[in-house]
Each structure stands twice: as structure tokens, then as C-alpha cells.
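> Fold the stuff below for me.
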Amino acid sequence: MTDDVAPSAPTIDRYRDKVLACWFGKAVGGSFGQSFEGLDGPIRADYYVPVPDAMVPNDDLDMQVVYAAVLCGLEKPRVDRHVLAQAWREHIRFPWCEYGVAKRNLAEGLVPPFTGSFDNWYTCGEGAVIRTELWACLAPGEPERAAAYAYEDACFDHAGDGIWASVFMAALQSHAFVESDPDRLLDAASALLPVSSRIRQVVHDTRVWVSAGLGWEEVMALILDRYRATDFTDTRINTGFVVLGWLASGGDFHTAITITNGCGADTDSTTASVGALMAIIDPDTIPERWLAPVGRDLVLNPEVVGIAAPASVDEFADQVAGLRDALVGVWPEPDETAEFDPSVYAIPVTVGWSSPYGQIWGQRDISSLPPQGAPEPPMPEGARELTVPGTWVRWPREEFEDLIMVVRYAIDLDRPVEARVMFNCSEDIRVWLDGEWLLGSQPSMIMPTQHRPPMGQGADVSLAAGRHTLLATIRKPPPARDHAEWIVAVAEHPGLEWVPNAFRPPR
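Sure, this is the predicted structure:
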């Protein structure tokens, strides 16, 4: 072969059929699982509820369509974290969870991998593992290269096991183009993960429990007992549920997606992942009764903008197959990103301490904090100016200097904003904006979804350009909790993405 002859893609038996089936398996699983997202298992459903009349749009697939379009638009296609970050900046308007945090970090001047690792409560969310099929289709039968692509992608909005889950799934799906034995597939994909990774551990444990002959509901309970987290999108439990559905199915597509969906949690993602995996292994596996309702049209969410998307799943499969040819032998280039100093992005606050002693009912309620609608309290004498690491704070209980913390933030806006302000906190809180009552809440689960805050922890307001103050009182955690945890956010209607630099002065 001469130097000017481009390498050709190795032959994969039924490659195009497997790519097409992969996307249909993704669409079927995602359309089925969306009705149950966030619910606890066991869920007993054996078909769509309700039955769709077209593909249900799902961010899992949408983002891969965006990536494919962007990569096809490059003169020399390459999978690079900075190219993918630019795709998020220009084409994806999803405000949710790790997506929103990473986009905010990008807008504030950070670059991957720090957009994913810094000030991000959702580092282990499902947001990257659900977009691995593209990397498998672009590097079929090459699990290491598919895993390298997945790493470039996942570091935009994840860290730790949020990345390792993506690496694992991309390798598993890539190897599935040339291998069908579950043990060989799982061994190969697991070998790419650190032994310390909880993803590797949950995969191992799930395999052991299934091989011991336990029923899927028993295995589901064991996964939850050992790996449960506050976040229903956490990759540890959800990866376990994908592996469980696949292994317990005996190779039957219907059984696999109904078991994985039956485990609950991030069902639209997990059920889509297991559906895509099984379709790669056997492109004839999806029953027609599951395929017919989703049709062949490629349906995207309106938050995807500025790309010319294929009209059908078939056209998308052709696009991906062509992109695969352009990427033969192309690995990500080593990243030489400068070191990151998180202290530069710390947030200035004023913190003081107070006590409810001497206050009568009406001045305080059973929480020891002011009652609903109370006037803003003064900042206590001796309050200090300091910084917190970011919008996400974990304050040790032992460092509470009195029963009540009083913390004040400055919000700086360069334009008027129709906003949603969130103060998601594990403890009793009362919050005032510009001296006026904003919200109050009892102890809450931590789920900092600025687009949909936990009950009582978000409020919609009109904010003028300029400086505003946000003051909160936070009750000391009980002895059962060793820290108070909270996340503050300002998001903008209608899309409810984070407002960049609302708390951090621009650099």
C-alpha cells in the first residue's frame, strides 16, 4: 500500500444492518421507557404506555445526531473533546442536570475535562453513557478506539464513574459488532476500567447474582442495596440494570427491555441502551410489534438547533456508515489542556451566625427559622467575607458556629432576565431576594435541577440588569447528617439554562 492510499474499514458482517438496528433498538427502548423515568421498580409493564404513533424524541439519540452532523461537516473528521464542546455551545439547548452545568461552565470559560469535573453535582449521571452508540458504530469491532471516543465525549459533562460508564458501554457495544457471547463481551469491556471503578464492580456483582440463578427482582434489590444513590440517573445502578436486563433475558429482546424498564430509575436511558446493544448483536431481534409504533422517521426534540438532520432512521444509518469510513484509524489526539485552578472560580459570599434563643413563636417556627413571609433578617454582627468552592457547597456540621447560618450571595446580571432562582438544600431554609421573601422549605432531597427544582426550593422572578442580593438562613443539620449541602442557581426562561457568571464575576 502506498502512503497516499487511505486505509479502508475492516469488513464487519452485516455492518449496515447492525447500525440500522442499533438506532431502532435505541428508539424503541427510549420510547418505551420515557413513561416510567424516575420511578422505583419493580415496574410491571410489557408494552408502551401509551402506545406512540411515531418515535418519541429522546435526548439520548438527539445528541448523537448532532455529533454526527458536526463531524460530517469537518474537512477531516476527528473525535475531539473541544469539537464536541463546540457542538454543545452551538446546537444543543437542553438545560437538564449535567448538560446544563457543563454548558454553564463552558460559557464561563472552562474547557473539557473541567467543564465536567468542576462544580458539578451530576458527575455520575447517565448523560454520557446514553450517547455511546455512535462511538461503537464508528469504531465497530475496535472497543479500545470506541472507548477513547467515548472518553472525549463524556469528559465534557462528567467525571469519575460518569466517564467510566460511557467507556464501558462504548466498548461493549463496539465489541458486540463482532462478538455475541455475553461473558466475552463483558470481560473485554470491564478490562478497560480501573479496578476501583464502581462501574466495574456493579457489572461484576450483577453477573455473579444472575449466574447464581436469582430472579431479576432479587438482583435489582441487591444492586440498589449496594449502589443506590440520591440521583435516579446515577450510572452505577443504571449500568447494573442494563446488564441485568440483558443477561436475564436469555437473548429475547422483549424480555430484556421489560426487565430493565422494570428496574425503574432512568428507564428511558437504560431501556434504550439495552435495546441498542441487543440489536447490534442480532439486527433481527426486535419484534415487529415493538417497531411498528415508532415508524422510520427520525424525530428530534426542538432543543436541537442549527443542523440539517437526516429525515429518517435509515438516512441516519447511512450517514453514520459514511462517517465510519472517514474515521478509519483516526484516534483522538492527546489533550494538552493547561492545569486548572478551581480557586479562580470560587464564589464570594458573606457568612454570619445566629441563634433563635429568645425568639417567641411568630418570630420563628418549629424549624427555629423565620416563618413564611417573614422580613429579611439582618446580617449578624461579626459576619465574614469569604468564598465557597462553587454553586455547590457541602458545609460540615462541625463547622456550624451556631444553630443558624446566614449566607448572602451577590447576583450580577448584564441584562434583564426572566429568571428561576433555585436554592436546593438538605436542611431547613428561608431565602430572600433583594430584601423580599422568596421561598422557604423543609429539609429536601438534593436534586439540583434548576429547570425543575424540588418543591419549595425554586421561584420565578423578573430581575433587572445589575446587582441583586440573595440571602438565606440555613439550620444546622441534625446529628444524623455530617454536613449541610446546597446548590444555588439562576436560570433563564424560557429554556431554563443557567445564567453564566450570575454568581462568579467574569474572568
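> Return the distance of T230 relative to A69.
For T230, the distance to A69 under the criterion Cβ to Cβ, to the nearest Å works out to 35 Å. Just so you know, the C-beta spots here come from the backbone N, C-alpha and C atoms, and that holds for glycine as well.
> who's more crowded, these two?
For T230 against A69, the residue with the higher neighbour count under other Cβ atoms under 10 Å is A69, and the figures read 20 against 11.
> Tell me who's in contact with the more buried one.
H91, I307, A308, A309, Q319 (Cβ atoms under 8 Å, 6 or more residues apart in numbering).
> Mind checking the pLDDT average for the helix or strand hosting it?
Using DSSP states H and E, the secondary-structure element containing A69 is helix 59-72. The average pLDDT within helix 59-72 is 96.
> Can you name the secondary structure element that comes next after it?
With elements assigned by DSSP H and E, the helix or strand that comes after helix 59-72 is helix 81-91.
> helices or strands up against that next one?
Using 3 or more Cβ pairs under 8 Å, 6 or more residues apart in numbering; DSSP states H and E as the contact criterion, the elements in contact with helix 81-91 are helix 59-72, helix 97-107, helix 143-154.
> how about 6 Å then?
helix 59-72 (3 or more Cβ pairs under 6 Å, 6 or more residues apart in numbering; DSSP states H and E).
> buried residues in the helix it packs on?
Taking 16 or more other Cβ atoms under 10 Å as the basis for neighbour counts, the residues of helix 59-72 that come out buried are 59-71.
> Reformat those residues into JSON lines and put distance to A338 next to each item.
Conversion of these to JSON lines gives the following (distance: Cβ to Cβ, whole Å):
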{"residue": "D59", "distance to A338": "31"}
{"residue": "D60", "distance to A338": "33"}
{"residue": "L61", "distance to A338": "34"}
{"residue": "D62", "distance to A338": "32"}
{"residue": "M63", "distance to A338": "27"}
{"residue": "Q64", "distance to A338": "30"}
{"residue": "V65", "distance to A338": "32"}
{"residue": "V66", "distance to A338": "27"}
{"residue": "Y67", "distance to A338": "25"}
{"residue": "A68", "distance to A338": "30"}
{"residue": "A69", "distance to A338": "30"}
{"residue": "V70", "distance to A338": "25"}
{"residue": "L71", "distance to A338": "26"}
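> Going by distance to I257, which of these wins?
Ranking these by separation from I257, with Cβ to Cβ as the measure, puts D60 on top at 13.9 Å.
> Roughly how far does that closest one sit from R145?
When Cβ to Cβ is the yardstick, D60 and R145 sit 22 Å from each other.
> what does A502 give?
When Cβ to Cβ is the yardstick, A502 and R145 sit 40 Å from each other.
> ok, F32 - contacts?
Counting by Cβ atoms under 6 Å, 6 or more residues apart in numbering, F32 touches Y48, T271.
> pLDDT score for it?
The pLDDT attached to F32 in the predicted structure is 98.
> circling back: quick one: the helix holding A69 to chain centroid distance?
Helix 59-72 has its C-alpha centroid displaced from the chain centroid by 16 Å (Cα atoms, centre = their mean, to the nearest Å).
> likewise stretch 469-485?
26 Å.
> buried residues in that stretch?
Under the neighbour-count criterion of 16+ other Cβ under 10 Å, stretch 469-485 has L470, L471, A472, T473, I474, R475, K476, P477, A484, E485 buried.
> ok, those vs R289, which is closest?
Set against R289, the nearest of those by Cβ to Cβ is E485 (45.8 Å).
> give me every residue that touches the closest residue to that closest one other than its chain neighbours.
Closest residue to E485 apart from its sequence neighbours, by Cβ to Cβ, 6 or more residues apart in numbering: S426 at 4.5 Å. By Cβ under 6 Å, 6+ apart, the contact set of S426 is P443, I446, A484, E485.
> Next, S426: phi, psi?
Taking degrees, to the nearest 10, you get phi -80, psi -10 for the backbone angles of S426.
> same question, A491
Listed backbone geometry of A491 is phi -120, psi 160, with angles given as degrees, to the nearest 10.
> And D314, by the same measure?
With angles defined as degrees, to the nearest 10, D314 shows backbone torsions of phi -60, psi -50.
> burial count for it?
By the measure other Cβ under 10 Å, the count of residues near D314 is 16.
> Ok, T285 next?
18.
> D225 too?
Here the count is done by other Cβ under 10 Å, and D225 has 8 residues near it.
> repeat for D402
Using other Cβ under 10 Å, D402 is surrounded by 14 other residues.
> Name all residues that make contact with it.
The neighbours of D402, taking Cβ under 6 Å, 6+ apart as the test, are W353, S355.
> On the three-state scheme, it is what?
D402 carries the three-state label coil when classified by DSSP: H, G, I helix; E, B strand; the rest coil.
> Isn't A176 up against I280?
Yes. Between A176 and I280 there is a contact at 4.4 Å, judged by Cβ atoms under 6 Å.
> what's the residue closest to the geometric middle of the chain?
In the chain, the C-alpha closest to the average C-alpha coordinate belongs to G127, at a distance of 3.2 Å (Cα atoms, centre = their mean).
> Okay, now the unreliable bits of the stretch 201-350 of the chain?
Applying pLDDT under 70 to the stretch 201-350 of the chain picks out no residues at all.
> Where do the strands of it begin and end?
In chain order, the stretch 201-350 of the chain shows strands spanning 347-354, with DSSP state E, counting those that start in this stretch as the criterion.
> Quick one: the helices in it, in order.
Under the criterion DSSP state H, counting those that start in this stretch, the stretch 201-350 of the chain contains helices at 216-227, 235-248, 253-262, 267-281, 288-291, 313-326.
> hey, C-alpha coordinates of the second one in CSV?
So that's helix 235-248. Extracted C-alpha coordinates of helix 235-248, given in CSV (Å, rounded to 0.1, in the frame of the first residue of the first chain):
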residue,chain,number,x,y,z
THR,A,235,-24.6,5.4,36.4
ARG,A,236,-23.8,2.8,39.0
ILE,A,237,-27.4,1.5,39.5
ASN,A,238,-28.4,2.1,35.9
THR,A,239,-25.5,0.3,34.4
GLY,A,240,-26.4,-2.6,36.6
PHE,A,241,-29.9,-2.6,35.4
VAL,A,242,-28.8,-2.6,31.7
VAL,A,243,-26.6,-5.6,32.3
LEU,A,244,-29.3,-7.3,34.4
GLY,A,245,-31.9,-7.0,31.7
TRP,A,246,-29.6,-8.3,29.0
LEU,A,247,-28.3,-11.3,31.0
ALA,A,248,-31.6,-12.3,32.4
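> Number of residues surrounding V111?
By the other Cβ under 10 Å criterion, the neighbourhood of V111 contains 17 residues.
> OK, contacts around it?
V111 makes contact with T337, according to Cβ under 6 Å, 6+ apart.
> domain parsing for this protein?
As given by automatic domain parsing, the domain ranges for the chain are 15-326, 342-498.
> follow-up on the earlier one: among the buried residues of stretch 469-485, which ones are in strands?
Here DSSP state E is the test, and the buried residues of stretch 469-485 give L470, L471, A472, T473, I474, R475, A484, E485 as lying in strands.
> Let me have those in CSV, extended by pLDDT.
Rendered in CSV, the data for those read as follows (pLDDT from 0 to 100):
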residue, pLDDT
L470, 98
L471, 98
A472, 98
T473, 98
I474, 98
R475, 97
A484, 98
E485, 98
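> Tell me which two of these sit farthest apart.
When these are compared pair by pair using Cβ to Cβ, the farthest-apart members prove to be L471 and E485, with a separation of 18.6 Å.
> What pLDDT does the model give the residue of the chain positioned farthest from its centre?
Of all residues in the chain, G358 has its C-alpha farthest from the mean position, at 45.9 Å, by Cα atoms, centre = their mean. The pLDDT attached to G358 in the predicted structure is 87.
> tell me which element it falls in.
Secondary structure assigned from DSSP H and E places G358 in neither a helix nor a strand.
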